[in-house]
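# Have a look; sequence and predicted model below, questions after that.
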Amino acid sequence: MLQTFRNAWRIEELRKKILFTLLIVLLYRLGNAVPVPFVDTNLLQQYFNSSNLQNTIFGLYNVMSGGAFSRATIFALSIQPYINASIIIQLLCIAIPALERLQKEGGEEGRKKIASITRYSTVVIGLIQGIAYYMMIRNYKLIDEAYLSNIWAAIVIILTFTSGSALIMWLGEQITEFGIGNGISIILFTSIVARFPTSVATQITNVANGTLQWWLLLLMYIGALALIVLIVLVNDAERRIPVQYSKRVVGRKMYGGQTTHLPMKVNMSGVLPIIFAQSIASLPATVCMFKASWQNSWLMTHVFNTNTWPYAVVYFLLIIFFSYFYSTIQFNPIEVANNLKKNGGFIPGFRAGKPTSDFIQKVLNKITLFGAIYLGIIAVTPIIIGAVSSADSLTGISLGGTSIIIVVGVALETFRALEAQMLMRNYKGFLN
């Protein structure tokens, strides 16, 4: 591994890309330390530490932003507006025929227009989330008293949040174009990894104070290692359906006759089902946070809390639902069967047309169920550990599964991008 890094560093072009990526990451981390004007960050920190916000959707935002959300920095919204905008545009491309034609038939120009629409949507969503965040901190009087009713202070705070989310989107695009790997994924990876040292130090302190048992911490780390192994094994797993192409003569040349396969990834939808399921499952707890009398209610502590069994069951079922939902959106068996038929391809043992699409749909349902259960295990295992142990020091552990799968997935993706650059120069890559 160290030798591979040395080889990568010796390549001038690759070295420049690595340095550029690190520079953007450094700028992003610096932005995470710059607070928004007029907000009392000390009161905000105390509010986050003394409440159950880590058990709501705000806890998810705080993890995805590397702790910037709880400090109200200029990058507090992180990449959430961009992710939400990308998902919405993808869904609209399916629902609106004009956008679908632009995406499939527009070529490079069509992709640029879709990207431009996504950018504008990011700004709009960032503005909406910035207004919502401002309303929350104002209602809880987390703004300096002199500016509580100041309209100009409100405009500055909201526009700072919005421009921060737009700047993060631009930084991610710069990494994608001039750096290594996918920029948005690397920024998300940086946000999550940045919290690891603080989390480990807190856990060690809890063990030293006696608030957390050492064997429970050891069990948690063993479970995390097991999840990492499972993610690595399943990440690239795919079901390969054999496809045979018939021979055809065009002019004086004969084409076809070869045998290939149709790859279908087990985890086709990635981490999106976990993120969406967690957002929806956390909504009741989020609603309870807006009224002080509801924060310590029985429903909040025994049902909506992220370390309870009812939450785990609902969370698991939502992950399965969204896994099927996204596999249906991303993979159309009828379209695949028609493309095979047009190109003279067929699956041995099945006639072209409806029998082929029915078989592909059957295979898709099976691998989607396996992928959904795989995602559910990753997401629910930390919750089970937290439910078995009632230690307060494990509050918020339910976010561990989501963090692990994002970190490992982005790491593998980035290593493969770097490996592809090295293979072009006859160097041995990371994963070979």
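On my side now, so go ahead.
# Break down this protein into its strands, ranges please.
Ranges of strands in the chain, per DSSP state E, are 238-245, 248-250, 253-255, 259-265, 345-346.
# Buried deepest among those strands, which one?
strand 345-346 (a mean of 20; mean count of other C-beta atoms under 10 Å). Backbone N, C-alpha and C define where each C-beta goes, glycine included.
# Report the mean confidence score over that one.
Here strand 345-346 scores 82 as its mean pLDDT.
# Which elements pack onto that strand?
If you count contacts as 3 or more C-beta pairs under 8 Å, 6 or more residues apart in numbering; DSSP states H and E, strand 345-346 packs onto strand 238-245.
# and residue 85, how many neighbours?
When neighbours are counted by other C-beta atoms under 10 Å, residue 85 registers 22.
# mind listing what the residue nearest to it when sequence neighbours are not counted touches?
Distances taken as C-beta to C-beta, 6 or more residues apart in numbering place residue 121 nearest to residue 85, at 3.8 Å, with adjacent residues excluded. Each residue near residue 121 by C-beta atoms under 8 Å, 6 or more residues apart in numbering is listed here: 85, 88-89.
# rewinding a little: so which of the strands of the chain gets nearest residue 203?
strand 259-265 (34.5 Å; C-beta to C-beta).
# re the thing from before, sort the contacts of residue 121 by pLDDT and name the bottom one.
residue 88 (83).
# ok, of the contacts of residue 121, which one's closest to residue 274?
For the contacts of residue 121, the nearest to residue 274 is residue 88 (18.1 Å; C-beta to C-beta).
# on that earlier part again, can you put the contacts of residue 121 in TSV and add distance to residue 404?
Formatted as TSV, the contacts of residue 121 follow (distance: C-beta to C-beta, whole Å):
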residue	distance to residue 404
85	25
88	26
89	28
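# Out of those residues, which sit inside helices?
Judged by DSSP state H, the subset of these located in helices is 85, 88-89.
# In contact with the residue nearest the centre of the chain, which residues?
Centre of the chain computed as the mean C-alpha position; nearest residue by C-alpha atoms, centre = their mean is residue 271, 5.3 Å away. Each residue near residue 271 by C-beta under 8 Å, 6+ apart is listed here: 375, 402, 405-406, 409.
# And for residue 80?
So residue 80 contacts 61, 64-65, 129, 165 (C-beta under 8 Å, 6+ apart).
# Give me the below-cutoff pLDDT ranges for the stretch 301-432 of the chain.
Applying pLDDT under 70 to the stretch 301-432 of the chain picks out residues 301-302, 304, 385-401, 425-432.
# quick one: the helices in it?
Ranges of helices within the stretch 301-432 of the chain are 309-330, 333-342, 354-388, 400-423, based on DSSP state H, counting those that start in this stretch.
# Remind me what the second one packs against, helices and strands.
Of the remaining helices and strands, those touching helix 333-342 by 3+ C-beta pairs under 8 Å, 6+ apart are helix 354-388.
# ok so, going back, return the member of the contacts of residue 121 nearest to residue 158.
residue 85 (17.6 Å).
# Next up, the contacts around the closest one.
118-119, 121-122, 124-125.
# Okay then, goodbye and thanks.
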